[in-house]
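*Asks:* Predicted structure and sequence below. I'll ask about it afterward.
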There are 4 protein chains.
Amino acid sequence: MKLKRNTSKTAQEDLKDLGFGSRVSNQSAERLLNKDGSFNVQRSGLSFFTSLSPYHSLLTMSWWKFNFNIVLFFLSINALFALAFVGIGKECLPGAASGGILEFFFDAFFFSVQTFTTVGYGFLSPQGALANSVAAMCAFVGLLSFALATGLMFARFSRPTAKIIFAENAIITPFQDASALMFRIANARKNQLIELQIKMLYSRLEQSDGKHVRRYYPLNLVRDKVVFFPLHWTVVHKIDENSPLFGVTRKQLQQEIAEFPILLTGIDETFSQPVHARSSYRFDEIKWNVKYSDMFFVNKYNQFSSDIQKLSDIETV
Amino acid sequence: MKLKRNTSKTAQEDLKDLGFGSRVSNQSAERLLNKDGSFNVQRSGLSFFTSLSPYHSLLTMSWWKFNFNIVLFFLSINALFALAFVGIGKECLPGAASGGILEFFFDAFFFSVQTFTTVGYGFLSPQGALANSVAAMCAFVGLLSFALATGLMFARFSRPTAKIIFAENAIITPFQDASALMFRIANARKNQLIELQIKMLYSRLEQSDGKHVRRYYPLNLVRDKVVFFPLHWTVVHKIDENSPLFGVTRKQLQQEIAEFPILLTGIDETFSQPVHARSSYRFDEIKWNVKYSDMFFVNKYNQFSSDIQKLSDIETV
Amino acid sequence: MKLKRNTSKTAQEDLKDLGFGSRVSNQSAERLLNKDGSFNVQRSGLSFFTSLSPYHSLLTMSWWKFNFNIVLFFLSINALFALAFVGIGKECLPGAASGGILEFFFDAFFFSVQTFTTVGYGFLSPQGALANSVAAMCAFVGLLSFALATGLMFARFSRPTAKIIFAENAIITPFQDASALMFRIANARKNQLIELQIKMLYSRLEQSDGKHVRRYYPLNLVRDKVVFFPLHWTVVHKIDENSPLFGVTRKQLQQEIAEFPILLTGIDETFSQPVHARSSYRFDEIKWNVKYSDMFFVNKYNQFSSDIQKLSDIETV
Amino acid sequence: MKLKRNTSKTAQEDLKDLGFGSRVSNQSAERLLNKDGSFNVQRSGLSFFTSLSPYHSLLTMSWWKFNFNIVLFFLSINALFALAFVGIGKECLPGAASGGILEFFFDAFFFSVQTFTTVGYGFLSPQGALANSVAAMCAFVGLLSFALATGLMFARFSRPTAKIIFAENAIITPFQDASALMFRIANARKNQLIELQIKMLYSRLEQSDGKHVRRYYPLNLVRDKVVFFPLHWTVVHKIDENSPLFGVTRKQLQQEIAEFPILLTGIDETFSQPVHARSSYRFDEIKWNVKYSDMFFVNKYNQFSSDIQKLSDIETV
């Protein structure tokens, strides 16, 4: 099989090893890029604090998890301050429940909440230098915590994230006088993405000096840029004699554990921010001799429309 | 009619189909780009939550609507908390009005407001674990809501948005030894836009194999970049023999439902952020054989000045 | 006089009219760019709200003015709420001063402040639905105002602004086998600017068909980029036979009201943000046959150092 | 020794003097770039306020120092307000401790804290116009301070900072048919860096007209860009006949006080922000005829992995 590459040298070189290196263990048939675009690799040996990485985690975790963490922190820190007041003794909060230690803990807890949130009804108020100091610290920590939460919330909001849906399967199908490898994408958000660029690679295991080596070949796309992306986009690599896929069979793709990483960049118009998306198709996620179903229709307002739910629908040719 | 394009291949290709596709239904004579630059298309089939898209909506709605939503949320959530206190019973807020259930609801509502905003006068304060828990939740939700509102407000502020005014009509007018398609723009904000770039297209219906197809032709501009944009700018496409508009008559433009999408990018100097603006002129928004009125004058401080209100003014040649 | 330009066509074209247009009134000898880089032009006819432009003003005014405006707003809005309480009547704030209307106004004012800032001591608290509603509104407006102030403060902080000091005078001085137009710049902030690029123009009045026209000629610089800018930078345009300044005398510069606009871009490393700076030298801000004093020295830690205070110092050759 | 440079003229010129100038004092053998990437230079003569530069300092200081400053400010300003209340006199805070001046100061201090943080229990509340004014100012300053702290915290969070670890020593080692200068880097954060570019220079003292001059030579890298950076990267400059290092001995490097500044740019994917990192190797930080230890392994999930702790490990060839 002959491999030619006809894009410019510079672009090619950039994509040559993607930063993964070409080393492969014999038994490793794992994919390089997960479907969600994350790398299927591990960096070990980072310090405990780095691997904890609270800020990065707080930014990238889901909203449910984020809110849960905030509530947990709120309850724990107020419980801690309540314990401090319990430690100082009942007389530090005149007017608190006259019952047992548990009743006082709950009163102290609610007093702490009132201080932490700076409500400060005043039904309870601290007596003595120690209690006053703890209450001052509680209010101070409270305000800074909410400042932090504000900052984190905004940071989460303003993160440039594209949510591109990729069709479940790529297809190899007759195209013009040859065949083509195609996949479809759509924007799953209401925001507009503009100036999209897409790159697709063909990664496969090869024999080199008796060792398994993973090599990367960029695939030329019929169209690798669009100015706007209002509906959906079918990305096409024509398999002609210049393509590294020319003559490759279904079975060969399986033997070489072929993978097709996809890199997408664009600009989110809401904030004029660059966004990146990645995904990859493996040999077993490619359907042969089918075509994608039509997604276009004209709605009742006479507008061009695109039914995103049909993105992954395929039909036999 | 002969169509030549003399700009570079690369730039041309980028603009070839704009991501709309070339499919046209026979009856659709709708424009592609609305005057305000939004796309006249629809993406259907997105999930309910996505089509709700609260964050994107809160960022892009008008300030009136945004403030109205905030006030509405404030009133509703405090009404909810008031209902919770009503549910717990009158004894949970000692000192509240001794009248009927409605009076107590109002007292509970104002108490909730005092807690939600963390004012906490203390005239009323919660009694019992349940009432205290509800009050704690109210203060917590209140603070986070204001944190969210702060974040949203800043996000709205910091969004890079250019407000470019386009003259109401484009004109086709004698120019040098030929004629030209022109339109005028001005910056409607006080901020400075720099490094402006502009692209203009000629989109029209064509017959292809008996089907209607929409094709796009980039138009060369006499000047497609300016470093500064302190006053206004008249953008000019010269209709010479290299222009796809060469020899096209008014009637032809109407028959082919011609549309001239315009894409503008620049940098907002206040935040050094890239900004994008779009608009489009349809065949019926083009005046023939008129010229734009002069907007320049020298003001009393001897400064070059530009009267923005004259932007759309035209005169017969 | 012969004018040649030997930089690339594209770059030249970008700078051809700077977006000012070439129209000049006979009497106007005003500069185009003020020393601080703002444009000496006016856009009139913008709507009242646009010309008010509160957000842009609040972002770009000085910190003194910004803080003054905040204090003024704080005092006025609380005075307004105090007036509302006065309107409702004394009985709405039990415990307020028993004196005259002025005493009550002051009590109402301080109560309003306590509510607006959400301190809410509770010594005074509102009685009745009307007073409670006004107090609720006061707390709500207060919180949103501080949210707004927070957002504005951060927006002011995060604005990418370079503070470049330009030497007071440019100089024309012997250089290699010819002469050169030079000026010196330094970074007046502690942050690092990197990847600086600089452009310099020669703008002058010319006769064209009996009318005064202002034309712009880019000047080639011996060095128009630096990767780092840790100390200072002397920017040099060599006046050889390719320079539009070749053979131009001091008197000619005066007659043609010559001006040398300077455009500088770079990246502020603190936030990796692009920054822009502008200035301009007029014919009367150019010294002939002098040189800049040496600013380099080696400090006691053996570090290269640069004495910024000498930036404008010149010596006779 | 012959020095050839075979990269493009433009890129070369950019790196020619790095903005340091080529002036060298005889005694100065100090490095240009510190290991942490900061410049080993000084800009003196800036105004007191500029050299104080509170905002830049608050943004770039460590989190420990930042938090310490916030606590210090909080304590000092409340002590100031407490002094103001002490100045007004005991009667301004009815209910305060009846003891001596010190007891009253502490009560006033805690009252100030309660006002500053807007807790406002109401156990103490100000009496009289003067005390009320001071309390109002305290609440106002308090809220703005926390607004500022919020803004600063978010600004610190959202700063684009790469934490690249550079191997302790660069190495010169046999490579293909010649030798090579190499160093290894890894990303010490959990975030992904993409589109990394790297530049390396060879800076050395030369004799020119009997004076010491520092010259800069860019070094061609076998690979100066990677699209992804999931694991680590060994950067290689091949010392062939085109290299300015061709034939240079260990001793020569020492005599010419050779230094190898390294400039790295990339994009932090979390915020799609450009990031910069710098470092430099001196002649005495280069090991000859060793190689880096292998960092790759395959973990139990069959993923490619990289042990970051081995980054600086070297072995004899």
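*Replies:* Cool, got the structure. Residues are numbered from 1 along each chain as shown, chains lettered A, B, ... in the order given.

*Asks:* Show me where the stretch 51-200 of chain A has its helices.
*Replies:* A:54-60, A:63-88, A:101-116, A:129-158 (DSSP state H, counting those that start in this stretch).

*Asks:* Those: which one's closest to chain D?
*Replies:* helix A:129-158 (3.5 Å; C-beta to the nearest C-beta). (Each C-beta comes from the backbone N, C-alpha and C, glycine too.)

*Asks:* My read is that A:Pro174 contacts A:Val317, right?
*Replies:* Yes. Using C-beta atoms under 8 Å, A:Pro174 is in contact with A:Val317, at 6.7 Å.

*Asks:* Could you count how many residues lie near the closest residue to A:Asn191 other than its chain neighbours?
*Replies:* Spatial nearest neighbour of A:Asn191, chain neighbours left out: A:Thr270 (4.7 Å); criterion: C-beta to C-beta, 6 or more residues apart in numbering or on different chains. Other residues within reach of A:Thr270, judged by other C-beta atoms under 10 Å in any protein chain shown, total 21.

*Asks:* what's the next secondary structure element after the biggest strand by length in chain A?
*Replies:* Selection of the longest strand in chain A by residue count, based on DSSP state E, yields strand A:193-208. Following strand A:193-208 in sequence order, the next helix or strand is strand A:211-219 (DSSP states H and E).

*Asks:* Following element in sequence after the helix or strand bottoming out on mean pLDDT in chain A, please.
*Replies:* Using mean pLDDT, DSSP states H and E, the weakest-scoring helix or strand in chain A turns out to be helix A:9-14, at a mean of 44. Per DSSP H and E, the first helix or strand lying C-terminal to helix A:9-14 is strand A:41-44.

*Asks:* That following strand pairs with which strands?
*Replies:* Strand partners for strand A:41-44, identified by DSSP bridges, are recorded as strand D:304-307 (parallel).

*Asks:* quick one, strands of the stretch 201-317 of chain A?
*Replies:* A:211-219, A:225-228, A:232-239, A:259-268, A:273-282, A:286-288, A:290-292, A:296-298, A:304-307, A:314-316 (DSSP state E, counting those that start in this stretch).

*Asks:* Dump those strands into JSON lines; add distance to B:Cys138 and mean pLDDT as well.
*Replies:* Formatted as JSON lines, these follow (distance: least, C-beta to C-beta, whole Å; pLDDT from 0 to 100):
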{"stretch": "strand A:211-219", "distance to B:Cys138": "57", "mean pLDDT": "82"}
{"stretch": "strand A:225-228", "distance to B:Cys138": "46", "mean pLDDT": "84"}
{"stretch": "strand A:232-239", "distance to B:Cys138": "45", "mean pLDDT": "93"}
{"stretch": "strand A:259-268", "distance to B:Cys138": "36", "mean pLDDT": "90"}
{"stretch": "strand A:273-282", "distance to B:Cys138": "36", "mean pLDDT": "89"}
{"stretch": "strand A:286-288", "distance to B:Cys138": "55", "mean pLDDT": "95"}
{"stretch": "strand A:290-292", "distance to B:Cys138": "52", "mean pLDDT": "94"}
{"stretch": "strand A:296-298", "distance to B:Cys138": "48", "mean pLDDT": "80"}
{"stretch": "strand A:304-307", "distance to B:Cys138": "44", "mean pLDDT": "82"}
{"stretch": "strand A:314-316", "distance to B:Cys138": "53", "mean pLDDT": "92"}
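
*Asks:* May I see those organised as JSON lines, with mean neighbour count added?
*Replies:* Output for the strands of the stretch 201-317 of chain A, formatted as JSON lines (neighbours: other C-beta atoms under 10 Å in any protein chain shown):
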{"stretch": "strand A:211-219", "mean neighbour count": "18"}
{"stretch": "strand A:225-228", "mean neighbour count": "20"}
{"stretch": "strand A:232-239", "mean neighbour count": "21"}
{"stretch": "strand A:259-268", "mean neighbour count": "22"}
{"stretch": "strand A:273-282", "mean neighbour count": "21"}
{"stretch": "strand A:286-288", "mean neighbour count": "15"}
{"stretch": "strand A:290-292", "mean neighbour count": "18"}
{"stretch": "strand A:296-298", "mean neighbour count": "15"}
{"stretch": "strand A:304-307", "mean neighbour count": "22"}
{"stretch": "strand A:314-316", "mean neighbour count": "11"}
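
*Asks:* returning to that earlier point: save the helices of the stretch 51-200 of chain A as CSV, and put in mean pLDDT, distance to C:Ser98 and mean neighbour count too.
*Replies:* What follows is the helices of the stretch 51-200 of chain A, written out as CSV (pLDDT from 0 to 100; distance: least, C-beta to C-beta, whole Å; neighbours: other C-beta atoms under 10 Å in any protein chain shown):
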stretch, mean pLDDT, distance to C:Ser98, mean neighbour count
helix A:54-60, 82, 53, 15
helix A:63-88, 95, 38, 16
helix A:101-116, 93, 31, 22
helix A:129-158, 89, 32, 21
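
*Asks:* B:Ser62 is nearest to which of these?
*Replies:* B:Ser62 lies closest to helix A:129-158 among the helices of the stretch 51-200 of chain A, at 19.0 Å (C-beta to C-beta).

*Asks:* what about the closest one, near chain D?
*Replies:* Yes. Under the criterion of C-beta under 8 Å from any C-beta of the partner chain, helix A:129-158 makes contact with chain D via A:129, A:132-133, A:135-136, A:139-140, A:142-144, A:147-148, A:150-152, A:154-155, A:158.

*Asks:* Report the inter-axis angle for that helix versus helix D:63-88.
*Replies:* Put simply, helix A:129-158 runs at 130 degrees to helix D:63-88, going by axes from the mean of the first three to the mean of the last three C-alpha atoms, to 10 degrees.

*Asks:* and helix A:129-158, what does it pack onto?
*Replies:* Other helices and strands packing on helix A:129-158, by 3 or more C-beta pairs under 8 Å, 6 or more residues apart in numbering or on different chains; DSSP states H and E, are helix A:54-60, helix A:63-88, helix A:101-116, helix B:129-158, helix D:63-88, helix D:101-116, helix D:129-158.

*Asks:* again, only this time at 7 Å
*Replies:* Judged by 3 or more C-beta pairs under 7 Å, 6 or more residues apart in numbering or on different chains; DSSP states H and E, the packing partners of helix A:129-158 are helix A:54-60, helix A:63-88, helix A:101-116, helix B:129-158, helix D:101-116, helix D:129-158.

*Asks:* Now find how far off-centre that helix is within its chain.
*Replies:* 29 Å (C-alpha atoms, centre = their mean, to the nearest Å).

*Asks:* Surely A:Ile239 and A:Phe246 touch.
*Replies:* Yes. The pair A:Ile239 / A:Phe246 is scored as a contact, 5.8 Å apart, by C-beta atoms under 7 Å.

*Asks:* A:Thr265 versus the residue nearest to A:Pro244 when sequence neighbours are not counted, what's the distance?
*Replies:* Once flanking residues are discounted, A:Pro244 sits nearest to A:Tyr217: 4.1 Å by C-beta to C-beta, 6+ apart. With the distance defined as C-beta to C-beta, to the nearest Å, A:Tyr217 ends up 20 Å from A:Thr265.

*Asks:* on that earlier part again, any chance of the helices and strands packed on helix A:129-158 in CSV, plus distance to D:Leu32?
*Replies:* Listed next are the helices and strands packed on helix A:129-158 as CSV, based on distance: least, C-beta to C-beta, whole Å:
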stretch, distance to D:Leu32
helix A:54-60, 32
helix A:63-88, 44
helix A:101-116, 50
helix B:129-158, 37
helix D:101-116, 47
helix D:129-158, 28
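
*Asks:* Of those helices, which is nearest B:Ser312?
*Replies:* helix B:129-158 (29.2 Å).

*Asks:* What count of nearby residues applies to the residue lying closest to A:Val119 once chain neighbours are set aside?
*Replies:* For A:Val119, ignoring the flanking residues on the chain, the nearest one in space by C-beta to C-beta, 6+ apart is B:Gly120 at 3.7 Å. Using other C-beta under 10 Å, B:Gly120 is surrounded by 31 other residues.
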